[in-house]
Structures are given as structure tokens and as C-alpha cells.
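> here's my sequence, what's the structure:
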Amino acid sequence: MKDTGSIKALLATCMQCGTCTGTCPNADAMDLTPRHLWRMVLMDRADEIFESQTFAYCSTCYFCTLKCPRGLPLTRAMSMLKEVAYKNDVKTFRKSGAFYGSFMESVRRHGRVRESEFMTLYFLEMKNPLLPFDFASLGLKLMSKNKVSFSLPSGADGRGQGNLDRIFKKVSEIENREEQMP
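Just a heads-up that it's a prediction; the model follows:
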């Protein structure tokens with residue numbers, strides 16, 4: 001069950017002006033424009049929404065939210081679509097959802113991305129034992145240039161994590177407040 005009701009409530013006053021599409025740096029790569037996607041949300045066309053790749057291409061830059069003449073939380077709506085897709089294991093979102101989840105888990109744990117842990121979490125989430133071999137040549141190139149290390153960090157691990165914990169908590173509070181708004 002793909003429930004988009006709470007997203008529809010956020011977008012209820014959308015006037016379909018297209019400013020979101022005009023300001024989106026990724027709109028040219030999307031199969032549906034953001035404006036078209038919002039219209040589909042308002043029309044309860046969940047199946048078509050989740051067949052699209054549009055919400056997976058959102059880079060959460062907040063341009064659409066900042067420029068929206070109605071002040072709608074469009075970036076939040078896009079994030080909510082990603083959450084619904086992730087919870088419903090939507091096939092078109094599986095890779096990017098696993099990538100995002102693994103990235104954020106590493107950041108939450110250490111205050112920064114630990115590349116080796118991040119990629120391990122991603123490969124485990126994808127449940128494909130052959131997937132790491134697709135990245136072998138890239139991994140070797142990065143290791144040869146000392147861009148990726150498999151050693152444990154020395155004492156610096158978690159530096160700044162206290163600040164990040166506060167940021168994650170504050171974002172969660174803001175999102176909860178937005179969800180409770182009529």
C-alpha cells in the first residue's frame with residue numbers, strides 16, 4: 001500500500017506554476033518534471049509516481065522550496081515520497097534508497113563517512129554477492145590514489161558526532177512539526 005495522503009496534504013495549495021521545475025538542477029534528467037509529479041500526487045496516481053525515477057533524482061538542494069511562491073515544503077514532500085518508496089520496497093528506488101540509507105548510517109555513527117563501512121553496508125543491503133565486483137576497478141583506482149582506506153581511523157573517529165546528533169535531532173523535530181501542521 002503506497003500511501004501518499006500526507007504528501008497530498010502538504011501540496012494542497014500548489015498552483016502548478018512550474019517554479020519548482022524551473023529551479024531544479026536535475027529536472028533535465030527526470031522522466032517527469034517536479035510540477036508534473038506534484039500534479040500526480042494531487043490526483044492520487046501513486047502507481048505512476050512510483051514507476052517514475054523523478055523523486056530518486058532529487059538532490060535535496062532546497063531550490064524548489066526556497067523559490068516556491070506558496071512556500072510549500074517541496075523538498076520535504078520529495079523526501080516523504082522517498083520514504084514511502086523505501087518502506088514499500090519500490091523496485092525503481094531500491095538502489096538509490098539503499099545507497100542513501102547506508103551513507104546516512106555511516107554519517108550518524110561516525111560524524112563523517114567511513115567509505116569502507118559505507119560500501120559494505122550498501123552491498124549487504126543490496127543482497128547481491130556479485131555486486132562488489134562491479135565496483136572493483138573503481139575501488140582499486142581510489143585505493144591507488146589513497147582516496148579510500150580500509151584501516152580504522154586513529155582517534156578522529158566520531159569527531160563532530162555530537163554536533164551531528166544535535167542537527168539530526170533538530171531536523172527530526174522540524175519534520176515532526178511540519179507533519180502535524182494542518
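> which helix or which strand is home to residue 35?
For residue 35, the host element (DSSP states H and E) is helix 34-42.
> in that helix, what's buried?
Under the neighbour-count criterion of 16 or more other C-beta atoms under 10 Å, helix 34-42 has 34-38, 40-41 buried. All C-beta atoms are positioned from the backbone trio N, CA, C, and that covers glycine.
> so where's the longest helix in the protein?
Looking across the chain with DSSP state H, the single longest helix is helix 161-180.
> show me what that helix is packed up against.
With contacts taken as 3 or more C-beta pairs under 8 Å, 6 or more residues apart in numbering; DSSP states H and E, helix 161-180 sits against helix 94-110.
> I'd like the distance from the helix holding residue 35 to the chain centre, please.
How far helix 34-42 lies from its chain's middle: 18 Å, per C-alpha atoms, centre = their mean, to the nearest Å.
> and for stretch 134-152?
From the chain centre to the centre of stretch 134-152 is a distance of 25 Å (C-alpha atoms, centre = their mean).
> so residue 110 versus residue 3, what's the distance?
Remark: distance between residue 110 and residue 3 (C-beta to C-beta, to the nearest Å) = 34 Å.
> quick one: which of the two has more around it?
A count of neighbours by other C-beta atoms under 10 Å puts residue 110 above the other of residue 110 and residue 3, at 19 against 11.
> run through this structure and note the low-pLDDT ranges.
Low-confidence segments of the chain, defined by pLDDT under 70: 1-2, 149-163, 178-182.
> outline the domain layout of the chain.
Following automatic domain parsing, the chain resolves into domains at 5-88, 94-169.
> for residue 175, find the nearest of those.
Across these, residue 175 has its closest neighbour in domain 5-88 (6.8 Å, C-beta to C-beta).
> what's the span of the closest one, first residue to last?
Distance across domain 5-88, first residue to last, is 15 Å (C-alpha to C-alpha, to the nearest Å).
> same check, this time on stretch 146-164
26 Å.
> where along this protein do the helices fall?
Along the chain, counting by DSSP H, helices occupy 5-10, 19-23, 34-42, 46-51, 63-67, 74-87, 94-110, 115-126, 131-134, 136-144, 161-180.
> please name every helix or strand in contact with the second one.
Meaning helix 19-23. When contacts are defined as 3+ C-beta pairs under 8 Å, 6+ apart, helix 19-23 packs onto helix 34-42, helix 63-67.
> what's the closest of the buried residues of helix 34-42 to residue 114?
Among the buried residues of helix 34-42, and counting by C-beta to C-beta, the member closest to residue 114 is residue 34, at 33.1 Å.
> is it true that the closest one touches residue 74?
Yes - assessed by C-beta atoms under 8 Å, residue 34 is found in contact with residue 74 at 7.0 Å.
> between these two, which contacts overlap?
20, 64 (C-beta atoms under 8 Å, 6 or more residues apart in numbering).
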